[in-house]
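K.L.:
what shape does this take:
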Amino acid sequence: MFLNVQGHDLYAYTGGKTFDAAKPTVIFIHGVLNDHSVWILQSRYLAHHGWNVLAIDLPGQGKSAGDPPATVEEAAETMIALFEAAGLSQVALVGHSFGALIALETAARAQAHVSHLVMVGAAYPMKVSPALLESSLKAPEKAIAMVNQFSHSTLAPPPSALGPGTWLYGASRALMRRMLASNPKDNVFHMGFTACNSYANGEQAMATVHCPTLFLIGRHDQMTPPKAARALAAHARLAKLVEVNAGHSLMTEAPDEVLLALREFLSE
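P.N.:
Here you go, the predicted structure:
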């Protein structure tokens, strides 16, 4: 479905169910050069088990119009505008990587509206190496290859992700190329990495969040190492940590474990 947010169409996948603002709602926020599809198993399951689901494409990428967010703070304001556009008074936020920082900043700014916060593959500070930042701008194909190397700990996922024998590296590369091509005007790759690299409000935001927070950590994550997530969790009031056997792309490498952790946490 499409929602008019800040004057532009924002796409949200509803998990195959009709949107109903009266249901408990979970919003999924993807990371750099990803889209709503990275949450396919988790979003469809929750949508068919009593939840209202909005798995979005961030502005200016994928199916969403508008300008891509240049900062985490700007993206958080878009999320708050989404609450209003969808008529939502209470939501659970689930974000991955860049999306985790967006979810965190949103929860800090709109505390009365956020019941649960889930940070998947998160770290603070979320620094990006100078080489990767430069490559994302000048040699995006090289940067995509680097990101995929750092993001995966296995070659193929279990059946519940994309299907038996699926090549994770190839599928992820294809998605990232498609997302980069979805906005020929703005380099959403470099913009997203720059936003992650420059975000400086993580500890302060985490300390002000009142709702329960789940940190989903990939044991073999090289993009956002587990120790960086634990350091951020130390500033949370109500933190729960779950570690799964995966790299940075937890949702496709360990889809069942991610879903089970989400289901348990959201039912609390």
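K.L.:
contacting residues for A70?
P.N.:
Contact partners of A70, counting by C-beta atoms under 8 Å, 6 or more residues apart in numbering, are M191, T194, A195. Every residue, glycine included, has its C-beta placed from N, CA and C.
K.L.:
how many neighbours does the last one have?
P.N.:
When neighbours are defined as other C-beta atoms under 10 Å, A195 has 23 of them.
K.L.:
where do the helices sit along the stretch 101-250 of the chain?
P.N.:
Under the criterion DSSP state H, counting those that start in this stretch, helices of the stretch 101-250 of the chain are mapped to 130-138, 140-151, 168-181, 188-198, 202-208, 226-233, 250-253.
K.L.:
next, count neighbours for L133.
P.N.:
Neighbours around L133, by other C-beta under 10 Å: 18.
K.L.:
relative to A76, how far out is it?
P.N.:
22 Å (C-beta to C-beta, to the nearest Å).
K.L.:
likewise T25?
P.N.:
Taking C-beta to C-beta, one finds T25 at 17 Å from A76.
K.L.:
stretch 76-84: how far from the chain's middle?
P.N.:
For stretch 76-84, the separation from the chain centroid amounts to 15 Å (computed by C-alpha atoms, centre = their mean, to the nearest Å).
K.L.:
next one: stretch 69-85
P.N.:
With C-alpha atoms, centre = their mean, you get 13 Å for stretch 69-85.
K.L.:
returning to what we had before: what is the nearest of the contacts of A70 to V91?
P.N.:
Ranked by distance to V91 (C-beta to C-beta), the contacts of A70 are led by A195 at 21.6 Å.
K.L.:
list the contacts for that closest one?
P.N.:
P69, A70, T71, V72, E74, A75, F98, L101.
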